[in-house]
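Colleague: starting from these lines, generate the structure:
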Amino acid sequence: MNFAGTWSLVRLALRRDRILLPVWLIAFALILQSAVATFTKLYDTAQERAELAASVASNPTFEALYGPLYGDSTGAFLSWRYGTTIGVFAALMSLLIAVRHTRAEEETGRLELVRAGVVGRLAPLTSSLITVYLANLVLFALTAAITAGGGLDGAGSIAFAFQITVNGVVFGTLAGLTAQITESARFASGLAGLALGGCYLLRAVGDTGGPAWLSWLSPIGWALRLRPFEENAWWVLGLFAALTAVLLTGAYSLQRRRDFGAGLVAPRPGPATARPSLRTPLALAWRLQRGLLLGWVIGFVLLGAVFGGAANGVEDIFDSNPQLMEVLERLDQGSIIDIYMTMIMGITALIVSVYSIQATLRLRAEETGLLAEPVLATGVGRVKWAAGHLAFAVIGPAVLLLTAGAAMGLVYGAAVGDVGGQLTSSLRSSAVQLPAVWVLTGLAVALFGLAPRLAALAWAALVVFVLLGQLGPILQLDQWAMDLSPFTHVPAPSASTFDAAPLLWLLALAAALTTAGLTGLRRRDIASAG
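Modeller: Have a look, this model is predicted:
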């Protein structure tokens with residue numbers, strides 16, 4: 001009876017994720033499809049691939065980002081550039097799904113209602129892991145089909161599909177374990193995410209001059225040792241099978257022993273009375289948001305430094321490909337380094353948008369968790385309460401973008417002996433992205449204020465904007481479709497003619513969306529215990 005109701009819960013999980021999962025999988029498929037087409041077209045001769053391989057081998061920053069390159073075939077380049085990247089995102093997808101259907105359900109009380117029926121003790125954990133494994137199975141099939149369909153080797157395509165999905169399986173299972181450790185879904189996700197980041201760091205250090213054995217401590221490093229399209233080292237899969245078995249044993253052991261609603265680590269009780277510094281909504285928001293912001297700042301310092309180090313080899317890579325150089329000259333957006341910084345900060349802005357939406361939707365979490373009602377009962381106005389959190393959704397992205405830009409400019413400037421000039425250029429590339437990020441902030445506020453049940457659609461909007469920006473030109477979409485993304489309208493700061501008008505329009509749109517959301521918040525009902 002421990003597993004009674006498992007398949008019913010699987011169907012429920014798939015129904016609840018009927019939008020979320022397809023968005024993830026379609027995004028992965030489109031990225032892979034465009035990647036296969038791009039590498040096949042841009043590097044279609046052995047000489048071009050050999051020159052690219054030499055450029056990659058001479059730049060340790062690329063090895064830190066993507067891992068070592070094990071060959072000069074089109075498949076090897078595809079595996080090097082996207083195997084680790086998509087693998088990490090597959091791991092992120094998996095751990096979020098696992099926590100969403102285990103600890104989050106338990107924390108909100110929904111699982112207690114489900115357990116009132118014929119549901120075994122181990123069924124919720126089992127169903128969540130089955131959902132994770134099914135998602136990765138679909139991703140495996142898509143990856144193998146797209147790469148093999150693009151003319152690449154069949155066995156290599158299967159190995160490449162394993163390279164991406166094995167980390168999804170491992171970290172999804174790990175999240176099933178962390179969900180048993182803590183009573184908080186956020187903390188469970190954080191623990192699994194911290195492990196993912198730690199494994200990525202171990203792999204990066206081990207592959208860039210550090211002790212090589214460090215990379216063997218990381219599942220992300222194991223996946224690279226599969227070497228798709230070159231060696232296809234199938235024996236590496238045994239390491240993943242063994243680790244998954246250990247994690248499963250730990251997760252089920254804790255699930256059997258703990259009480260419902262409890263975790264291995266008990267939460268620390270807070271003080272009986274609040275400090276005077278918590279008397280304002282802004283101070284309370286700071287107390288709730290500071291950990292999230294600090295974690296992102298640390299991550300963006302490292303990210304900016306890595307991108308700054310990678311800038312050293314950018315000119316060599318572009319010089320080795322006349323087609324790319326011709327495209328850059330037509331763009332008229334400054335030097336190669338200027339274009340590189342603008343491109344990198346454009347990608348960084350999309351990542352910053354994740355933080356912006358997180359910070360904004362903390363309002364929704366406070367409301368549905370019935371934590372907003374006691375605050376509003378003290379006489380604090382709704383707009384004032386919301387403004388405390390929105391301060392972080394507005395100022396936080398500025399801090400993150402400028403932090404990443406400063407780190408990138410300082411590292412690259414120090415390498416070329418022009419700290420002042422490169423720092424100015426990188427900060428300028430960072431600052432112009434802010435209005436586009438704030439449009440997403442405003443959209444999240446508007447959804448929260450006007451249609452709170454649809455607030456999560458802010459994430460869908462971000463995914464659409466990412467796909468438009470990254471795949472729109474490759475798919476040759478009409479300009480009106482490209483213009484749906486606010487990031488399309490960000491001008492190049494190093495172009496011969498800089499037009500600030502689009503930035504002003506983006507700021508106006510962000511302000512209008514925020515105003516509409518706050519107006520809706522003042523007029524609608526607030527979730528309450530009654």
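
Colleague: give me the element the nearest residue to residue 240 once chain neighbours are set aside is part of.
Modeller: Spatial nearest neighbour of residue 240, excluding adjacent residues (CB to CB, 6 or more residues apart in numbering): residue 166 at 4.5 Å. For every residue, glycine as well, the C-beta is placed using N, CA and C. Residue 166 is part of helix 154-181 when elements are defined by DSSP states H and E.

Colleague: and that helix, how far out from the chain middle?
Modeller: If you compare the mean C-alpha spot of helix 154-181 with that of the full chain, they lie 16 Å apart, counting by CA atoms, centre = their mean, to the nearest Å.

Colleague: what do you get for stretch 378-392?
Modeller: Relative to where its chain is centred, stretch 378-392 has its mean C-alpha point 28 Å off (CA atoms, centre = their mean).

Colleague: now swap in stretch 139-147 and tell me
Modeller: Distance, centroid of stretch 139-147 to centroid of chain: 21 Å (CA atoms, centre = their mean).

Colleague: what mean pLDDT does it have?
Modeller: Predicted confidence along stretch 139-147 averages 95 (mean pLDDT).

Colleague: same check on stretch 280-287?
Modeller: 84.

Colleague: now swap in stretch 183-196 and tell me
Modeller: In this model, stretch 183-196 has a mean pLDDT of 84.

Colleague: and stretch 399-410, by the same measure?
Modeller: Along stretch 399-410, the predicted local confidence has a mean pLDDT of 92.

Colleague: got the contact list for residue 393?
Modeller: In this structure, residue 393 makes contact with 356, 359, 360, 441, 444, 445, judged by CB atoms under 8 Å, 6 or more residues apart in numbering.

Colleague: now tell me which helix or strand of this protein has the poorest mean pLDDT.
Modeller: Every helix and strand in the chain was compared by mean pLDDT, DSSP states H and E; the lowest is helix 322-331, with a mean of 59.

Colleague: what ranges does the stretch 301-450 of the chain have for its strands?
Modeller: Defined through DSSP state E, counting those that start in this stretch, the strands belonging to the stretch 301-450 of the chain form an empty list.

Colleague: how about low-confidence regions in it?
Modeller: Within the stretch 301-450 of the chain, the stretches falling below the threshold (pLDDT under 70) are 313-334.

Colleague: same deal with the stretch 51-200 of the chain?
Modeller: Segments of the stretch 51-200 of the chain classed as low confidence (criterion: pLDDT under 70) are 55-61.

Colleague: again, only this time at 80
Modeller: Segments of the stretch 51-200 of the chain classed as low confidence (criterion: pLDDT under 80) are 51-65, 72, 107-118, 120, 186.

Colleague: what's in contact with the following helix or strand past the helix holding residue 166?
Modeller: Next in sequence after helix 154-181, counting helices and strands by DSSP H and E, comes helix 185-207. Judged by CB under 8 Å, 6+ apart, the contacts made with helix 185-207 from elsewhere in the structure are 63-65, 67-68, 84, 88, 91-92, 95-96, 98-100, 102-104, 107, 171, 174-175, 178-179, 181-182, 211-221, 224, 299.

Colleague: list the helices and strands the helix or strand just after helix 185-207 packs on?
Modeller: Where DSSP H and E defines the elements, the next helix or strand beyond helix 185-207 is helix 219-224. Secondary structure elements in contact with helix 219-224, counted by 3 or more CB pairs under 8 Å, 6 or more residues apart in numbering; DSSP states H and E, are helix 84-100, helix 154-181, helix 185-207, helix 237-257.

Colleague: now the second one against helix 84-100, angle please.
Modeller: When you say that, I think you mean helix 154-181. 40 degrees (axes from the mean of the first three to the mean of the last three CA atoms, to 10 degrees).

Colleague: name the helices or strands packed onto the helix holding residue 166?
Modeller: Under the contact rule (3+ CB pairs under 8 Å, 6+ apart), helix 154-181 is packed against helix 74-78, helix 84-100, helix 123-149, helix 185-207, helix 219-224, helix 237-257.

Colleague: hmm, try it at 6 Å
Modeller: Packed against helix 154-181 by the contact rule (3 or more CB pairs under 6 Å, 6 or more residues apart in numbering; DSSP states H and E) you find helix 84-100, helix 123-149, helix 185-207, helix 219-224, helix 237-257.

Colleague: buried residues in that helix?
Modeller: Taking 16 or more other CB atoms under 10 Å as the basis for neighbour counts, the residues of helix 154-181 that come out buried are 156-181.

Colleague: for this structure, which helix is longest?
Modeller: In the chain, assigned by DSSP state H, the helix with the most residues is helix 382-416.

Colleague: now do the buried residues in that helix.
Modeller: 382, 385-394, 396-413.

Colleague: please apply the same query to stretch 12-24.
Modeller: Within stretch 12-24, the residues that qualify as buried by neighbour count (16+ other CB under 10 Å) are 12, 13, 17, 20, 21, 23, 24.

Colleague: what is the neighbour count of residue 375?
Modeller: 16 (other CB atoms under 10 Å).

Colleague: now the residue nearest to it when sequence neighbours are not counted: how far from residue 290?
Modeller: The shortest distance from residue 375 to any residue that is not its chain neighbour, by CB to CB, 6+ apart, is 5.8 Å, and that residue is residue 385. Shown here: residue 385 relative to residue 290, a distance of 17 Å by CB to CB, to the nearest Å.
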